[in-house]
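# Predicted structure and sequence below. I'll ask about it afterward.
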Amino acid sequence: MKIWRGKTPCISRKENRKMENLETELRYRFYDRSLPFTIGDGEIQNNDGDTIGILSHGETLHDYVLTVDTLATIKPCFRGFDKLVTDISPSFIQLDDDFDTMSFDIRDSEHIQITYEALNRRCVEMFKENSVFYADSGPEVETFETSLSNLRDVVLQINENDARIKSDTIDAFTNGGFEESGDVTATMALNYGEVDKDSHLFDEDSSVVKALRESGADEYLVTVYKPEDPKYDDTYVTLYLGNSMTDTSDAITAYKLIPCDWAEDDVQSFVSDFKDFCEISQELRQSQKGDDISLSLDDLTVDENALTM
């Protein structure tokens, strides 16, 4: 094995001057295009001081011209634009808000590839009769190819389509009899009190467990809680049903918190509501999976409320 014992190579003054010139030129370009970024010490930073890009020796302003043009083009499409941008380089831009990610692979002015990863765009929490239902759609990735001249319109349509999907999801569940607010939350259902591990109120042969087991759900569970005062307080139980995510359906979980005396009468309606919720979710996934972004400018409507990731 050879060990390097010479002096560490250093960057020449000429290279330093080139880097300083690039910083100056980019700083002016950002200012001229009203882009909320600063440059110093070879780093591109947002207004919060977060580093979102690193300049490399050998790069020139020419390498960043299309990047600056792309940033200026998409900026009006997003609220809090400076906080969304997480990566800037000569051929790549990424925006991220912890839920959705949109990246731009810039090949030339006629070929810009947009990759949009939406996390849980159909994620909802709905309620019905002492029950709470969750749908988790997971990450979904879409790609689009466009030019710089059409870029703003495509991004607006992506945002508009995403907002419509979320709105349609809520409408579908409310039309199916579910509500956006309720008295029982998942936190209550899962943490109502001390679990009675010795309870035999609902064994494997009980009608309640049998109904849950035969519901067709991937998972089921019955949790009995100890009453704080056995003389005066009712004993409560949480019924749980869950379906795992598949290629054709979202992940679904449901909880029902009720007095144990109600369980035998209410379990069938809980199972029925769970099946209805799963059916609506599956229909939404299939219908929205086929939605395409139309690039017809005649059909494009700019919704100012949709200009956010």
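Structure's in. What do you need?
# What number of residues are in the vicinity of residue 177?
13 (other Cβ atoms under 10 Å). Any C-beta I mention is one placed from the backbone N, CA and C, and that applies to glycine too.
# domains for this structure, by residue range?
If you go by automatic domain parsing, the domain ranges for the chain are 13-121+138-175, 186-289.
# quick one: which of the ones you listed is nearest residue 131?
Residue 131 lies closest to domain 186-289 among these, at 4.3 Å (Cβ to Cβ).
# from the chain's centre, how far out does that closest one sit?
Centroid separation between domain 186-289 and its chain, computed with Cα atoms, centre = their mean, to the nearest Å, is 26 Å.
# which residue is nearest the middle of this protein?
residue 119 (2.7 Å; Cα atoms, centre = their mean).
# need the contact list for that residue.
Shown in contact with residue 119 (Cβ atoms under 8 Å, 6 or more residues apart in numbering): 99, 100, 101, 138, 139.
# That one bridge partners, please.
residue 139 (DSSP bridges).
# Report the buried residues of the host helix or strand of residue 73.
Element membership for residue 73 (DSSP states H and E) is helix 61-74. Neighbour-count burial for helix 61-74 flags 64, 66, 67, 68, 69, 70, 71, 72, 73, 74 (criterion: 16 or more other Cβ atoms under 10 Å).
# Then stretch 39-56?
Residues 39, 42, 44, 45, 46, 52, 53, 55 are the ones in stretch 39-56 that count as buried (16+ other Cβ under 10 Å).
# show me the contacts for residue 42.
19, 23, 54, 55.
# Filter those residues down to the ones in strands?
Here DSSP state E is the test, and the contacts of residue 42 give residue 54 as lying in strands.
# Would you mind putting the contacts of residue 42 into JSON lines with pLDDT and distance to residue 79 alongside?
Listed next are the contacts of residue 42 as JSON lines, based on pLDDT from 0 to 100; distance: Cβ to Cβ, whole Å:
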{"residue": "19", "pLDDT": "87", "distance to residue 79": "33"}
{"residue": "23", "pLDDT": "93", "distance to residue 79": "28"}
{"residue": "54", "pLDDT": "94", "distance to residue 79": "27"}
{"residue": "55", "pLDDT": "93", "distance to residue 79": "28"}
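# Reformat the contacts of residue 42 into CSV and put distance to residue 160 next to each item.
Shown next, in CSV, are those (distance: Cβ to Cβ, whole Å):
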residue, distance to residue 160
19, 41
23, 37
54, 34
55, 35
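# is it true that residue 107 touches residue 92?
No. Residue 107 lies out of contact with residue 92 (Cβ atoms under 8 Å); the separation is 10.5 Å.
# In the stretch 1-150 of the chain, where is pLDDT below threshold?
Applying pLDDT under 70 to the stretch 1-150 of the chain flags the ranges 1-12.
# ok, residue 107 and residue 92, which is more surrounded?
residue 92 (14 against 11).
# Distance check, the residue lying closest to the more buried one once chain neighbours are set aside against residue 246.
Closest residue to residue 92 apart from its sequence neighbours, by Cβ to Cβ, 6 or more residues apart in numbering: residue 105 at 6.1 Å. To residue 246, residue 105 is 30 Å away according to Cβ to Cβ, to the nearest Å.
# quick one, which of those two is more surrounded?
Taking other Cβ under 10 Å, residue 105 and residue 246 do not tie; residue 105 has more neighbours (15 against 11).
# Quick one: residues contacting residue 152.
Contacts of residue 152 by Cβ under 8 Å, 6+ apart are 73, 74, 76, 77.
# Verify the stated contact: the second one with residue 151.
Spelled out, it's residue 74. Yes. The criterion here is Cβ under 8 Å, and residue 74 meets it with residue 151 at 6.5 Å.
# That's all I had, so thanks and see you.
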